[in-house]
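*Asks:* Model the structure of this input:
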Amino acid sequence: LTRLLPGSVVVGEESVHADPKVYDALGGEAPVWIVDPVDGTRQFVRGEPGFCTLVALAHHGELLASWTYAAALDKMAVAVRGRGATLNGVPMRSGSPAPGAVLEVAMSHPDYTSDAQKRALLGLRTEGINARPCGSAGLEYLAVARGDQDAVAFNWEYAWDHAAGLLLVTEAGGAQATLSGAPFRITGGNALPFTAARDEATAERILEALRAGG
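*Replies:* Predicted coordinates for the structure are as follows:
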């Protein structure tokens with residue numbers, strides 16, 4: 001990747017684990033490749049198809065392009081800022097849920113949250129919302145971008161899990177926001193949990209439920 005774009009750097013889960021200062025590159029001057037080689041590790045090690053590889057390109061904290069590759073499912077989703085999103089070369093649109101439909105939402109597992117975040121996520125256990133623990137974050141975002149799922153709600157902000165999917169959903173016509181209502185920042189410091197949804201109205205409905213829970 002750095003040979004493709006001279007002067008760029010890579011931020012990934014493994015490199016940040018080895019040296020947490022690597023994460024600071026997201027706010028630096030160089031273009032940044034944000035990489036998660038295997039998103040959905042549990043599914044991968046069990047030999048299940050629900051995993052993917054995530055790559056996003058950002059500069060000055062702004063997402064420019066992303067790639068979500070689900071090898072076992074033979075799916076490649078691509079998003080380019082201002083140019084839309086495609087799945088295996090076919091344009092994707094998230095659309096909107098049917099009026100009055102129960103919203104299908106993938107959320108962070110409540111066991112892996114702070115007490116305040118757990119209370120917020122449990123706000124999704126309400127009438128009109130069917131919330132379940134998430135699998136691979138990248139594939140959950142892809143489901144929203146395709147209109148197969150209405151929203152996601154996550155309580156962690158590591159860019160390698162979210163950058164590719166957030167741009168994919170946005171370019172497919174969806175919306176995203178943090179608990180404060182501000183857009184998610186890949187550089188961190190977000191008000192959590194946050195959501196990405198098929199449209200703005202759905203995103204606001206998820207945020208309202210999270211606030212009620214908190």
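
*Asks:* helices and strands of this protein: which one has the lowest mean pLDDT?
*Replies:* helix 115-122 (a mean of 84; mean pLDDT, DSSP states H and E).

*Asks:* In PDB, please show the C-alpha coordinates belonging to that helix.
*Replies:* Only the C-alpha atoms of helix 115-122 are listed here, as PDB (Å, rounded to 0.1, in the frame of the first residue of the first chain):
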ATOM      1  CA  ASP A 115     -21.600   0.500  32.700                       C
ATOM      2  CA  ALA A 116     -22.800   3.700  31.100                       C
ATOM      3  CA  GLN A 117     -22.400   2.300  27.600                       C
ATOM      4  CA  LYS A 118     -24.100  -0.900  28.600                       C
ATOM      5  CA  ARG A 119     -27.100   1.100  29.800                       C
ATOM      6  CA  ALA A 120     -27.200   3.000  26.500                       C
ATOM      7  CA  LEU A 121     -27.000  -0.100  24.400                       C
ATOM      8  CA  LEU A 122     -29.800  -1.700  26.400                       C
END
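
*Asks:* ok, now which ones touch the nearest residue to Thr41 once chain neighbours are set aside?
*Replies:* Nearest residue to Thr41 in three dimensions, chain neighbours excluded: Phe51, at 7.2 Å (C-beta to C-beta, 6 or more residues apart in numbering). Bear in mind the C-beta positions are built from the backbone N, C-alpha and C, glycine included. Shown in contact with Phe51 (C-beta atoms under 8 Å, 6 or more residues apart in numbering): Val38, Asp39, Gly40, Thr41, Gln43, Phe44, Ala70, Ala72, Ser136, Leu139.

*Asks:* next one: Phe44
*Replies:* Going by C-beta under 8 Å, 6+ apart, Phe44 touches Val38, Phe51.

*Asks:* Surely it is in a helix?
*Replies:* Yes: assessed with DSSP: H, G, I helix; E, B strand; the rest coil, Phe44 lies in a helix.

*Asks:* Run a quick neighbour tally on Ala101.
*Replies:* Neighbours of Ala101 under the rule other C-beta atoms under 10 Å: 11.

*Asks:* Hmm, Leu57 and Leu80 touching each other?
*Replies:* I think there's a mix-up here, since residue 80 is Val and not Leu. No: using C-beta atoms under 8 Å, Val80 is not in contact with Leu57; the gap is 9.4 Å.

*Asks:* Those two: which is more packed in?
*Replies:* Between Val80 and Leu57, Leu57 has the larger neighbour count (other C-beta under 10 Å), namely 23 against 16.
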